[in-house]
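> predicted model follows, preceded by the sequence.
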Amino acid sequence: DGYSLMAFHGNLNVEMEGLEAGQWARDITKAKNGQWVFRDRNAELKIGDTIYFWTYVIKNGLGYRQDNGEWTVTGYVDEEGKEIDTNKLPPPTEAPTQRPGPGPQTPRPTQAPSCQTSQTAVMGLNGVCKGSLIFSEEFNRNNLKELTNWEAESKFPEEPDYPFNVYMTEGTMKFEDSSLVISPILLEDYKYEGFIHECTGAVDTSECKRRADGAYILPPVMTGKVTTKHKFSFKFGRVEIRAKLPAGSWLVPELNLEPLENVYGTRRYESGLIRVAFAKGNDVYAKKLYGGPVLSDTDPYRTLRYFYADGLQLLVDGEQYGVVSPDEGFHTSARENAVPHAANWLKGSVMAPLDQMFYLSLGLRVGGIHDFQDENDKPWRNKGNKATVSFYNAKDSWFPTWYDSNLKVDYVRVYAL
């Protein structure tokens, strides 16, 4: 029938907080007698109890989720599914009273017996079970308002990369075949007056307002970006993203984990960033897939799927293509490579600055001053004060290459380790 997984997450008499793991968190990978069943024989349900839940299934490689499930106990059935008359139930048998013997008493478990506590931490939750699905987005939506686990950005992105685009929602993002599609659009082809009132950047800064003046022009391209910054963040986990990366000169896909609090600083990637997958859009670069942490705005610290408490493991289509280990700590090798903020990480663990909460971000940006080395065919220089206008003046060379320039994201899933 095409089904390969059914996941059930639920609480008894406690409403679920978004996509939390819940009191019950179980992945079922095999049907029994043609049915996908989760059973907890230790659960004792009473008339009037309410189970709050969400479910997730994979069929023919595609995932489908049901949110906000709620079911109230109104009666009982036997093993064959026949209704039981509660008036004919025998009275409960009282167990004989026993005095506790000497020695320590066994504490009551706080989690289901089948749950092993994971090293993964999720903002707002006390704990999650090993291997449980803690976040899932399948993009079965009609518009951005239905994208409740994400928020769209509207701002001029700035340091440390200073890309040549502005993030906007109007016209840059849509849903197609259960995928999120983010497109680059020339700003000169679009007029929109509401940006300053919708800006998600710092108010009264150049993130929200700019005026063209000479060589200081407005970004020539509009793109889109969404994040879970105010919805979901976690520390250590397994991230899976299925996406089709854009083709086109100087396009940069963003499938990232960004720091929630910037504990180690706000400039030059002092608090780090993790690229889940990254390939430049130019033909000459497109066959090279990158991933892993960005710990500075200069090489070699600009350069996963698995994000561990003691390292990173990167895979594509199930095949490992890289491992990142902090060894004695990222600060050690960073200091050896003259990273100016390496000392900030000494106050953290061996994984600092990647030992804090991170959130998901999906977007598309253009150019910038760090991802592309200065070469003969590049129309701007990274340290030039006219980088943006130089890029725009070369539009006839790069815009024709944007024939397949959309970033398409099919799904995003995060699992506890």
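Received the coordinates, thanks. Quantities reported herein were computed from a predicted structural model and do not represent experimental measurements.
> okay, Phe195: pLDDT?
As predicted, Phe195 sits at a pLDDT of 68.
> quick one: low-confidence ranges for the stretch 251-400 of the chain?
For the stretch 251-400 of the chain, applying pLDDT under 70 flags the ranges 299-309.
> try it again with 80
Scanning the stretch 251-400 of the chain for pLDDT under 80 picks out the ranges 298-311, 315, 317-318, 321-323, 325-338.
> now do the helices in it.
Here the stretch 251-400 of the chain has its helices, by DSSP state H, counting those that start in this stretch, at 330-336, 387-393, 395-398.
> so which of the ones you listed is the most packed in?
helix 387-393 (a mean of 20; mean count of other C-beta atoms under 10 Å). Just so you know, the C-beta spots here come from the backbone N, C-alpha and C atoms, and that holds for glycine as well.
> what residues are up against Glu254?
By C-beta atoms under 8 Å, 6 or more residues apart in numbering, the contact set of Glu254 is Lys225, Ser361, Leu362, Gly363, Leu364, Arg365.
> what of Tyr64?
Each residue near Tyr64 by C-beta under 8 Å, 6+ apart is listed here: Tyr56, Val57, Ile58, Glu138, Asn140.
> sorry, back to before: and of the contacts of Glu254, the nearest to Leu273?
Using C-beta to C-beta, Ser361 is the member of the contacts of Glu254 that lies nearest Leu273, at 9.0 Å.
> now that closest one: closest residue in space that isn't a chain neighbour?
Among residues not flanking Ser361 along the chain, Thr227 sits closest, at 4.3 Å (C-beta to C-beta, 6 or more residues apart in numbering).
> show me what that neighbour is bridged to.
Beta-bridge partners recorded for Thr227 (DSSP bridges): Glu151, Ser361.
> just the pLDDT for it.
For Thr227, the pLDDT comes out at 98.
> now swap in Trp54 and tell me
Trp54 carries a pLDDT score of 85 in this model.
> can you list the strands that the helix or strand containing it pairs with?
Using DSSP states H and E, Trp54 sits in strand 50-59. Using DSSP bridges, strand 50-59 pairs in its sheet with strand 3-12 (antiparallel), strand 62-72 (antiparallel).
> figure out how far the last one is from the centre of its chain.
When C-alpha coordinates are averaged (C-alpha atoms, centre = their mean, to the nearest Å), strand 62-72 and its chain have centres 20 Å apart.
> mind checking what helix or strand follows it in sequence?
Note on strand 62-72: by DSSP H and E, the next helix or strand toward the C-terminus is strand 76-77.
> which residues touch that next one?
So strand 76-77 is contacted by Glu83, Ile84, Thr86 (C-beta under 8 Å, 6+ apart).
> these in strands, which ones?
Among the contacts of strand 76-77, DSSP state E puts Glu83, Ile84 in strands.
> using a markdown table, lay out the contacts of strand 76-77 together with pLDDT and distance to Lys46.
Below are these laid out as a markdown table (pLDDT from 0 to 100; distance: C-beta to C-beta, whole Å):
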| residue | pLDDT | distance to Lys46 |
| --- | --- | --- |
| Glu83 | 83 | 17 |
| Ile84 | 81 | 14 |
| Thr86 | 70 | 11 |
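> for the residue nearest to Ser361, give me its contacts.
Going by C-beta under 8 Å, 6+ apart, Thr227 touches Trp150, Glu151, Glu153, Glu258, Tyr359, Leu360, Ser361, Leu362.
> wait, doesn't the first one sit right on Val226?
Meaning Trp150. Yes: look at Trp150 against Val226 with C-beta atoms under 8 Å: they come within range, at 4.2 Å.
> where do the strands sit along the stretch 201-350 of the chain?
Taking DSSP state E, counting those that start in this stretch as the criterion, the stretch 201-350 of the chain contains strands spanning 221-223, 225-227, 233-235, 237-244, 251-259, 273-278, 290-294, 306-308, 311-316, 319-324.
> same for the first one, what does it pack against?
What it means is strand 221-223. Here strand 221-223 touches strand 165-167, strand 185-186, strand 358-366, going by 3 or more C-beta pairs under 8 Å, 6 or more residues apart in numbering; DSSP states H and E.
> looking at that strand now, give me its mean pLDDT.
97.
> could you export stretch 216-227 as CSV, CA atoms only?
Extracted in CSV, the C-alpha atoms of stretch 216-227 (Å, rounded to 0.1, in the frame of the first residue of the first chain):
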residue,chain,number,x,y,z
TYR,A,216,25.0,52.9,-3.0
ILE,A,217,22.0,51.4,-4.8
LEU,A,218,19.1,49.3,-3.5
PRO,A,219,19.6,45.5,-3.7
PRO,A,220,18.8,44.5,-7.3
VAL,A,221,17.1,41.2,-6.4
MET,A,222,14.2,40.2,-4.2
THR,A,223,14.2,36.7,-2.6
GLY,A,224,12.4,35.0,0.3
LYS,A,225,13.4,33.4,3.7
VAL,A,226,11.4,31.7,6.5
THR,A,227,12.7,30.6,9.9
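> in that stretch, what counts as buried?
Ile217, Pro219, Pro220, Val221, Met222, Thr223, Gly224, Lys225, Val226, Thr227 (16 or more other C-beta atoms under 10 Å).
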